[in-house]
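Engineer: show me the folded form of this:
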Amino acid sequence: MKDVYQISDLESRDLLDEGAEKPARLAVIGNPVAHSASPAMHQAALDAGDMDMRYIRLEVEPGQVAEAFSRMAELGFIGCNVTVPHKLEAMECCDEHSEDALAIGVVNTVLFPSENNSKTIGHNTDGPGLARAIREEFSVDLADLRVMIVGVGGGAGRAIATQCARLGCEQLWLVNRTLEKAETLAEELHQYYDHDEHLQGPGDQLCALGSDDDALIEAAGRCALIINATSLGMRSIDPLPLPRACIQPHHMVYDAIYKPAETGLLKQAKSVNASAANGLSMLLHQGVFAFEFWFPGQSPTEAMRRGLSSTL
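Structural biologist: A predicted model of the protein is given here:
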């Protein structure tokens, strides 16, 4: 039994399950994928439900997602999770898409054909997972907040921003090092707000800002929740994703990073007595939504929480 499988291991069921007590029926695909905490989280849920199957890591090269999907479906896989860099390619390989996948534009969860379903269906659980995480961490609903998202040029930032817009957050600031990317996303999300004009001012409902914009500190002061969706903070030498003056005592600060558990941004938040939380809860809840997608009616949140904590 391997820690990481390759697409060549999908040649046969005998090869895939050699040395294992249970058959592999779920997976996370990515490149690289050895770091993924999804197997521990989902396996805990499967074991708690006495479900006779394994969840594995599968390393797939770019351009091979369609082949991987075909092979998994032939071997009777129920579905898979999708991580970087395959979320866009995975969307292109699905026959149908959920409303969440269509809104966000990428897929992170897939359901393969079965007796009850003849198509490969793509879904995205990142946005709903974030909303549930904010409720758990801060006891407030995301829809009721004024939100600033830092780092909207990548997949995580896009998913978070789209969820905020779909929920109708009172105000939404999209911040990115490359302003053009924030402006492009603002144009796409404009449909969720009842405006005819192009919004750019810090007092507007939807606003795009560069990370070095002079209006950033003023805009931060207006919001209640700041979310970091950049990779800044994964290394101890990383700078903060936005100026220190942006973090104020009234803020709730959520960092999508969960390793390390306390980033520089969260340390800064705590130093000014702002509320702070890392991305572990988003990882958990997007996983729970994926599990519910595969197995409707089941929501093993606490089992998955225990499985996730065992990896830290």
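Engineer: count the residues that sit near the closest residue to Thr83 other than its chain neighbours.
Structural biologist: Nearest residue to Thr83, sequence neighbours excluded (Cβ to Cβ, 6 or more residues apart in numbering): Gly30, at 3.7 Å. Heads up, the C-betas are built off the backbone N, CA and C, glycines and all. Burial of Gly30 is recorded as 22 neighbouring residues (other Cβ atoms under 10 Å).
Engineer: pretty sure Gly30 contacts Ser36?
Structural biologist: Yes. Contact criterion Cβ atoms under 8 Å: Gly30 and Ser36 qualify, at 6.5 Å.
Engineer: shared neighbours, these two?
Structural biologist: Common contacts of Gly30 and Ser36 (Cβ atoms under 8 Å, 6 or more residues apart in numbering): 57, 83.
Engineer: quick one, phi psi at the residue nearest to Thr83?
Structural biologist: phi -180, psi -180 (degrees, to the nearest 10).
Engineer: so Cys80 sits in a strand?
Structural biologist: Yes. The assignment for Cys80 is a strand, going by DSSP: H, G, I helix; E, B strand; the rest coil.
Engineer: that one and Arg135, how far apart?
Structural biologist: 27 Å (Cβ to Cβ, to the nearest Å).
Engineer: so what are the sheet partners of the helix or strand harbouring Ala27 and their directions?
Structural biologist: Following DSSP states H and E, one finds Ala27 within strand 24-30. Strand 24-30 pairs in its sheet with strand 54-59 (parallel), strand 79-82 (parallel), by DSSP bridges.
Engineer: quick one: low-confidence parts of the protein?
Structural biologist: Within the chain, the stretches with pLDDT under 70 are 194-203.
Engineer: now do the contacts for the nearest residue to Ser12 once chain neighbours are set aside.
Structural biologist: Residue nearest to Ser12 in three dimensions, not counting chain neighbours: Leu75, with 7.9 Å by Cβ to Cβ, 6+ apart. Remark: with contacts taken as Cβ under 8 Å, 6+ apart, Leu75 is in contact with 10, 12-13, 16, 24.
Engineer: at 7 Å instead, please
Structural biologist: 10, 13, 16 (Cβ atoms under 7 Å, 6 or more residues apart in numbering).
Engineer: picking that back up, compare Cys80 and Arg135 (neighbour count), which wins?
Structural biologist: Legend: neighbour count by other Cβ under 10 Å for Cys80 and Arg135, higher for Cys80 (29 against 14).
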